[in-house]
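**Student:** here are the coordinates; sequence isn't available:
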């Protein structure tokens with residue numbers, strides 16, 4: 001591996017994650033009447049994302065936070081209070097300080113979870129002949145919604161919303177969508193966002209009854225191959241610590257960059 005982890009690389013990987021989130025939500029925000037209620041605000045180095053129409057923490061979170069002064073932290077907390085959305089900080093080791101943790105604790109926050117970021121040099125990979133991986137066409141986003149919702153055990157009524165919220169990204173600069181098929185049956189999806197020489201593994205999911213058959217490994221390899229064609233030097237992805245997703249990334253040669261600390265307010 002050419003790239004060895006250091007503070008500057010960690011900050012670069014974190015910025016790529018921020019850029020991916022910004023691109024996704026900015027495109028959603030620009031839809032007529034902003035149906036998902038997207039809002040993006042900057043507080044010093046921190047970028048606060050909120051999506052009232054998308055429940056859960058994935059798109060309602062603070063990234064890039066550092067401790068420069070208490071005022072910025074207070075402004076972030078007040079922002080989410082006004083939005084009536086729980087405030088959630090994602091803190092990387094490159095930006096963590098005792099002062100930041102101490103002040104968040106004083107404000108009633110505590111660490112609730114860890115989340116792993118992995119990275120690797122972009123390489124050329126061979127994909128199993130048993131799995132077909134191809135571009136997801138614009139008219140096929142019903143497959144995306146169906147696979148994603150079933151994979152994560154979400155309510156079936158959210159399928160249309162998930163489909164549409166990703167379809168709007170189709171054809172936008174940097175965004176690439178892939179479908180994996182087993183015996184010509186749609187089985188899994190994967191998303192790639194390429195920007196500033198870094199390829200971000202933006203999302204992935206497999207139908208529950210087809211998991212463990214190599215679909216995600218095939219999608220990882222396909223996205224790495226595309227990243228190489230696009231001239232990217234690094235690939236980055238996120239996964240729950242010790243999860244199957246993390247295992248799949250490591251098997252393709254990716255390494256743990258760092259583990260983020262997730263902080264939320266008590267009660």
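**Tutor:** Thanks, I have it. Bear in mind that the values here come from a model prediction, so they are computed numbers and not experimental data. Residues are numbered from 1 along each chain as shown.

**Student:** which other residues reach stretch 152-162?
**Tutor:** For stretch 152-162, contacts defined as Cβ atoms under 8 Å, 6 or more residues apart in numbering pick out 142, 144, 145, 146, 148, 149, 205. All C-beta atoms are positioned from the backbone trio N, CA, C, and that covers glycine.

**Student:** 7 Å - rerun?
**Tutor:** Defining contact as Cβ atoms under 7 Å, 6 or more residues apart in numbering, one finds that stretch 152-162 is touched by 145, 146, 148, 149, 205.

**Student:** got it, and stretch 138-146?
**Tutor:** By Cβ under 7 Å, 6+ apart, stretch 138-146 touches 136, 159, 160, 162, 163, 166, 167, 170, 177, 179, 186, 189.

**Student:** Show me these that map onto strands.
**Tutor:** Taking DSSP state E as the definition of strands, those contribute 177, 179, 186, 189.

**Student:** now the contacts of stretch 138-146: which count as buried?
**Tutor:** Among the contacts of stretch 138-146, those classed as buried by 16 or more other Cβ atoms under 10 Å are 136, 159, 162, 163, 166, 167, 170, 177, 179, 186, 189.

**Student:** and the longest strand seen in the chain, how far from the chain's centre?
**Tutor:** Secondary structure of the chain read by DSSP E shows that its longest strand is strand 109-121. Here the centre of mass of C-alpha atoms in strand 109-121, compared against the chain's by Cα atoms, centre = their mean, to the nearest Å, lies 11 Å away.

**Student:** ok, and for it, which residues are buried?
**Tutor:** Applying 16+ other Cβ under 10 Å to strand 109-121 flags 109, 115, 116, 117, 118, 119, 120, 121 as buried.

**Student:** And for stretch 65-74?
**Tutor:** Within stretch 65-74, judged by 16+ other Cβ under 10 Å, the buried ones are 65, 66, 67, 72, 73.

**Student:** again with stretch 43-53
**Tutor:** Within stretch 43-53, the residues that qualify as buried are 43, 44, 46, 47, 48, 49, 50, 51, counting by 16+ other Cβ under 10 Å.
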